[in-house]
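Q: 3D, please:
(chains A and B)
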Number of protein chains: 2
Amino acid sequence: MTKRVGVIGGGQLARMMIAPASELGLEIRVLAEQEGMSAQLAATATGDYRDLETVRAFAADVDVVTFDHEHVPQEVLRALVADGIAVHPGPDALRFAQDKLVMRQRLAELGAPQPDWAAVSDRAQLQAFLDDHGGRAVVKTPRGGYDGKGVRVVRAAEEADDWFDAFAGEPILVEELVDFTRELAQQVARRPSGEVVPYPVVETVQRDGVCAEVFAPAPRSSERVIEIAARIGVEIAEGLGVTGMLAVELFETTDERLLVNELAMRPHNSGHWTQDGAVTSQFEQHLRAVCDLPLGSAEPTAEATCMINILGGPEGVDIDERFAPAMEAYPTAKIHTYGKASRPGRKVGHVNVASDDIGDAAYTARAAAAFFA
Amino acid sequence: MTKRVGVIGGGQLARMMIAPASELGLEIRVLAEQEGMSAQLAATATGDYRDLETVRAFAADVDVVTFDHEHVPQEVLRALVADGIAVHPGPDALRFAQDKLVMRQRLAELGAPQPDWAAVSDRAQLQAFLDDHGGRAVVKTPRGGYDGKGVRVVRAAEEADDWFDAFAGEPILVEELVDFTRELAQQVARRPSGEVVPYPVVETVQRDGVCAEVFAPAPRSSERVIEIAARIGVEIAEGLGVTGMLAVELFETTDERLLVNELAMRPHNSGHWTQDGAVTSQFEQHLRAVCDLPLGSAEPTAEATCMINILGGPEGVDIDERFAPAMEAYPTAKIHTYGKASRPGRKVGHVNVASDDIGDAAYTARAAAAFFA
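A: So this is what the prediction gives:
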């Protein structure tokens, strides 16, 4: 059994791995970007994850390296692998999460359903795509985007000029603006030896490009949608060689197709509900998977679980003071905090509520989260 | 909101407080007896909890002091209180968990149902008790016992001679040997401001004086037994001024009376099921209570949850190697390990299984735990 798991990145995803690591008897070590981060409790090193020697020194004392985010450069990842270190997910898989153009190309090869897309290098190519897609589209920087950053809806080709300049002739991604009825997320765990376990597909609600609410399992879903979502997730996990947790963000279209929007190769905001609503939380499952331990059951433990993100309010508001009244009003609400300073719009925690009824779960979770707004 | 919780004692109960402390945004610090203990991850100090200066130095940097065990001496506890430190449970309450004679006297004053008992100082007094109770009884050292230690069934007065000698004229406790059908445990959380929340009563099965199995809620219980157990728990928590978690071990007699056996003022083995079977785990609830935060719901999240302790097997067996096959065979089993070296009979972990059916939960939990035997 692998004993020492090294997590690169000290954010809340690393923080939330600490509890299951303790239950599983794994030693967890975190390479944090700086002092005082969310995962401080397990931080054994501080430094720049882009610096090979920093990462190499950290990785030398662990049995497997995994991640809080997907931003570790390919050259650093490949050097670790060359050193003989187990890296999960590995660089070949992570490429597809790091570069959206590479991802689109590979998903096309796999035959996964996705929006129309193109690699465009200048205004004329983008205009041609716009002309073919009703005069509007989504442009994305291939690398560096998250939580709505690096994504822009455009109606005229010149609206992407700054990105063409920034990428200096390298292509950027353009996608059709999908007419979706809702967004779904399909999580799958896969371990190096090949075992794959899909979670039930969930419904996600985004606000300002940030995940705001999750309903698990996705309410009012046909058997067909549930099966297709799981199949897409499993095929991508296998096709891309993902190890650990994979999240596939999906659009459900008006004609009940599912189209792949984004991928994440780590625990994901759409899976926070599993902490209080599934037999095996995504954080435990990620650890099992990257350590090549048998995967746990992904079955829900309640009829319905609702997750609401807590976003930082105005500067200077002390989130800590909001806890007691929220806890008093809603004793069934599970409030998870990330130990981060509150800034407007920053994810600082979330609330999970499990219930027999999704309406009740949503009402209670929203009401508890409202104490922090 | 209280931010820094200091836990005296580095065992598995302290370890299992780390996860909920992180979720609640509390900073947890542990005074461990030595390096490498179960709660090592949060250990910020190492030393003897009987040494006032060691404890005082530890307590100086926290907002509330609580415990992994009940063994901190009264004089140390009272010095902390005199220093103005919040100690939960406080010394007045802890006395009743530290000295079984004091407990019996106080429970008698409260009118709580308990076995016949007496304080006996010599062989003659013990013989008189035996003569009145069918020639058999349980003798207990008032202090220092746990997990079956300091407890002995006697059929002749001379069988306690060594304890009379050891206690040098101080009385020891003798209790009637209760004819019970089963053992139950009632947990209650109480915070300093007075809020009290009882958990559902559970059935416990002891082997060799050590908790082996717990069934939650206690199967086949009459409404009357459930209500009486909760009332006994609440009355004792209030009557003794307990803050934090209280566990009341109960005998259910052949004539359906409930009699108080033992008390514990901390998270308790009979409550480990709450980690995977209740809205609020006993570890989270203990932290909420000692920080005087609103208590969470104690409702079960499943029809039935079974907890089986993992006890260390023969010397030299590597518990870690048993994990993977157990996890593979039983993906719904939640295996919790304490990070302790295995010694015969030592509690090194536990397995929880939640299910719609107690028989199924018990079967799966026992089968998973059997991998570690």
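Q: give the contact list for A:Asp131.
A: Contact analysis of A:Asp131 by Cβ atoms under 8 Å, 6 or more residues apart in numbering or on different chains lists nothing. In this view, the C-beta of every residue, glycine as well, is placed from N, C-alpha and C.
Q: what does A:Arg136 give?
A: For A:Arg136, the contact set (Cβ under 8 Å, 6+ apart) comprises A:Leu130, A:Val153, A:Val154, A:Arg155, A:Leu177.
Q: Next, work out how far apart A:Asp83 and A:Leu52 are.
A: 10 Å (Cβ to Cβ, to the nearest Å).
Q: Over to A:Val351?
A: 39 Å.
Q: Looking at those two, which is more packed in?
A: A:Val351 (27 against 16; other Cβ atoms under 10 Å in any protein chain shown).
Q: and that one, that one's in a helix?
A: No: under DSSP: H, G, I helix; E, B strand; the rest coil, A:Val351 falls outside any helix and is assigned strand.
Q: what's around the residue in the stretch 151-300 of chain A that chain B sits nearest to, how many residues?
A: Distance from chain B to each residue of the stretch 151-300 of chain A (Cβ to the nearest Cβ) is smallest for A:Pro294, at 3.7 Å. By other Cβ under 10 Å, the residues close to A:Pro294 number 19.
Q: again, but for the one 10 residues further on
A: Using other Cβ under 10 Å, A:Ala304 has 21 other residues around it.
Q: quick one: the closest residue to it other than its chain neighbours from B:Glu303, how far?
A: Counting by Cβ to Cβ, 6 or more residues apart in numbering or on different chains, A:Ala304 lies nearest to A:Ile358, which is 3.7 Å off, once chain neighbours are set aside. Computed as Cβ to Cβ, the A:Ile358 to B:Glu303 distance reads 20 Å.
Q: ok, these two, which is more surrounded?
A: Neighbours around A:Ile358 and B:Glu303, counted as other Cβ under 10 Å, are more numerous at A:Ile358. The numbers are 21 against 14.
Q: A:Ala93: what secondary structure?
A: Under three-state DSSP, the three-state class of A:Ala93 is helix.
Q: For it, list the residues it contacts.
A: Neighbours of A:Ala93 in contact, by Cβ under 8 Å, 6+ apart: A:Leu240, A:Gly241, A:Val242, A:Thr243, A:Met265.
Q: contacting residues for the fourth one?
A: What that stands for is A:Thr243. Counting by Cβ under 8 Å, 6+ apart, A:Thr243 makes contact with A:His88, A:Pro89, A:Gly90, A:Ala93, A:Arg190, A:Arg191, A:Pro192, A:Ala289, A:Val290.
Q: try the last one
A: By Cβ under 8 Å, 6+ apart, the contact set of A:Met265 is A:Phe67, A:Glu70, A:Pro89, A:Ala93, A:Leu94, A:Phe96, A:Ala97, A:Val242, A:Gly244, A:Met245, A:Leu246, A:Ala247.
Q: pretty sure the fifth one is touching A:Leu77, no?
A: Yes: using Cβ atoms under 8 Å, A:Leu94 is in contact with A:Leu77, at 6.4 Å.
Q: now chain A, which segments are flagged as low pLDDT?
A: Along chain A, segments meeting pLDDT under 70 span A:1-2, A:145-148.
Q: go with 90
A: Where chain A drops to pLDDT under 90, the residues are A:1-3, A:143-150, A:166-169, A:208-210, A:254-256, A:312-323, A:340-346, A:372-373.
Q: residue at max distance from the center of it?
A: Largest separation from the mean C-alpha position in chain A: A:Ala124, at 33.2 Å (Cα atoms, centre = their mean).
Q: ok, for A:Ala124, nearest residue in space, not its chain neighbours?
A: Using Cβ to Cβ, 6+ apart and skipping the chain neighbours, the partner closest in space to A:Ala124 is A:Ala157 (7.4 Å).
Q: So what's the residue count around that neighbour?
A: 22.
Q: cool, and A:Ala329?
A: A:Ala329 is flanked by 14 other residues according to other Cβ under 10 Å.
Q: element containing the residue of the stretch 1-150 of chain A found nearest chain B?
A: When scored by Cβ to the nearest Cβ, the stretch 1-150 of chain A has A:Ala19 as its residue closest to chain B, at 3.3 Å. Following DSSP states H and E, one finds A:Ala19 within helix A:12-24.
Q: by how many degrees do the next helix-or-strand element following that helix and helix A:12-24 diverge?
A: Going down the chain from helix A:12-24, the next helix or strand is strand A:27-32, by DSSP H and E. Between strand A:27-32 and helix A:12-24, the angle comes out at 170 degrees (axes from the mean of the first three to the mean of the last three Cα atoms, to 10 degrees).
Q: residues in contact with the lengthiest helix in chain A?
A: Ranked by number of residues, the top helix in chain A under DSSP state H is helix A:223-239. Residues outside helix A:223-239 that contact it (Cβ under 8 Å, 6+ apart) are A:106-107, A:110, A:112-113, A:184, A:186-188, A:190, A:196, A:198, A:200-201, A:217-218, A:242, A:246, A:248, A:250, A:252, A:256, A:258, A:260, A:263.
Q: quick one: which of these sit in helices?
A: A:Arg106, A:Leu107, A:Leu110.
Q: ok, A:Asp63 - contacts?
A: A:Thr2, A:Lys3, A:Arg4, A:Val5, A:Ala86, A:Cys291.
Q: with the contacts of A:Ala93 in mind, which one is nearest to B:Leu41?
A: The shortest gap between B:Leu41 and any of the contacts of A:Ala93 belongs to A:Thr243, at 25.3 Å (Cβ to Cβ).
Q: Next, the nearest residue to that closest one once chain neighbours are set aside: phi, psi?
A: Nearest residue to A:Thr243, sequence neighbours excluded (Cβ to Cβ, 6+ apart): A:His88, at 4.0 Å. Backbone torsions of A:His88, given as degrees, to the nearest 10, read phi -130, psi 120.
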